[in-house]
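Participant: need a structure here:
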Amino acid sequence: MALLDSGIGGWSFLTKIEEKYPQHTYLYYADQKNSPYGNKSFSELEAITHNWISLFKEQEIDLLILACNTLTASFKATFQRHLNVPVYGTTDGLIEDSIGEENLVLLATVSTVKSSWYNKIFPNKNLFSVGSTWLAATIEKKFSLTKTELDMLKLEVENIVSNNWESMILGCTHYPLIKNQLELIWPNKQFIDPAETIVEKLSDYLMCSCVDSNIIMYTTGDASLLEKQVRSFFNEKKQKKISSAKIRQTEGGLIR
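Facilitator: Residues are numbered from 1 along each chain as shown. Predicted coordinates:
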């Protein structure tokens, strides 16, 4: 199974899926050279999408998870149209009926907000969208926010919806990585992590036991940086299952 994100944000999906279905080989692709996706234009993202489609056509994958809200919102149908394997996006497990009638905040990237993807998922909810230009890139670098950054984020959200909300959708896969910090600045609020909703939807594909059980990390960026991030994020037991490699990027696309 393959997972694709602009960086390490998709680890919020990988960890939950691998915990539920440990006896599988997971290929994780981090496009760190082009991170973050959320600030890029549609045409830039379209070119990136077709580069990844070309690479995945050459790989022996049986399932693709777009562990990126930006790609899910604008290009999931494109991936599915060109690949002969099931393609899941970050929002596939979200159900409108599971969320109450309260004000709902979407914290996402600018591209995801502009796509209005979540408005289509929750057409009957009072949805307030907050598009951040800096949050995903900051988490990519250091897994956490300083007090000043937390204060800035709090101000950005409350300038749009004040404190008059009950639930927040973490609409970028980087954001669950700081969920504990969000709970500190917004106690008594509910945070919806789409990674937690998609696990059961994969049961038809991942129930079988496989001989191999490992995780291979690929990056278009600095392989040594990715290895450092792996050591910082995963415990020693999990690190033993993880190997990493570099993907080269050329004018014609991506080469593993």
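
Participant: So which bits of the longest helix seen in the chain are buried?
Facilitator: Counting residues, the longest helix found in the chain (DSSP state H) is helix 42-58. Across helix 42-58, burial judged by 16 or more other Cβ atoms under 10 Å covers 45, 48-49, 51-53, 55-56. C-beta coordinates here come from the backbone N, C-alpha and C atoms, glycine included.

Participant: next one: stretch 113-120
Facilitator: Result for stretch 113-120 [16+ other Cβ under 10 Å]: buried residues 113-115, 117-118.

Participant: Not counting that stretch itself, show me its contacts.
Facilitator: The contact list for stretch 113-120, computed with Cβ atoms under 8 Å, 6 or more residues apart in numbering, reads 69-70, 72-74, 91, 106, 108, 112, 127, 129-131, 169, 171.

Participant: Let's see that stretch as PDB, backbone CA atoms only.
Facilitator: The C-alpha coordinates for stretch 113-120 follow below in PDB (Å, rounded to 0.1, in the frame of the first residue of the first chain):
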ATOM      1  CA  VAL A 113     -10.300  26.100   1.600                       C
ATOM      2  CA  LYS A 114     -10.500  27.600  -1.900                       C
ATOM      3  CA  SER A 115     -11.600  24.200  -3.300                       C
ATOM      4  CA  SER A 116     -14.800  24.300  -1.100                       C
ATOM      5  CA  TRP A 117     -14.300  20.500  -0.800                       C
ATOM      6  CA  TYR A 118     -15.500  20.400   2.800                       C
ATOM      7  CA  ASN A 119     -18.600  22.500   2.000                       C
ATOM      8  CA  LYS A 120     -19.600  19.700  -0.400                       C
END
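
Participant: from the chain's centre, how far out does it sit?
Facilitator: 16 Å (Cα atoms, centre = their mean, to the nearest Å).

Participant: same thing with stretch 44-52?
Facilitator: Here stretch 44-52 is found 17 Å from its chain centre; the criterion is Cα atoms, centre = their mean.

Participant: now swap in stretch 85-99 and tell me
Facilitator: 13 Å.
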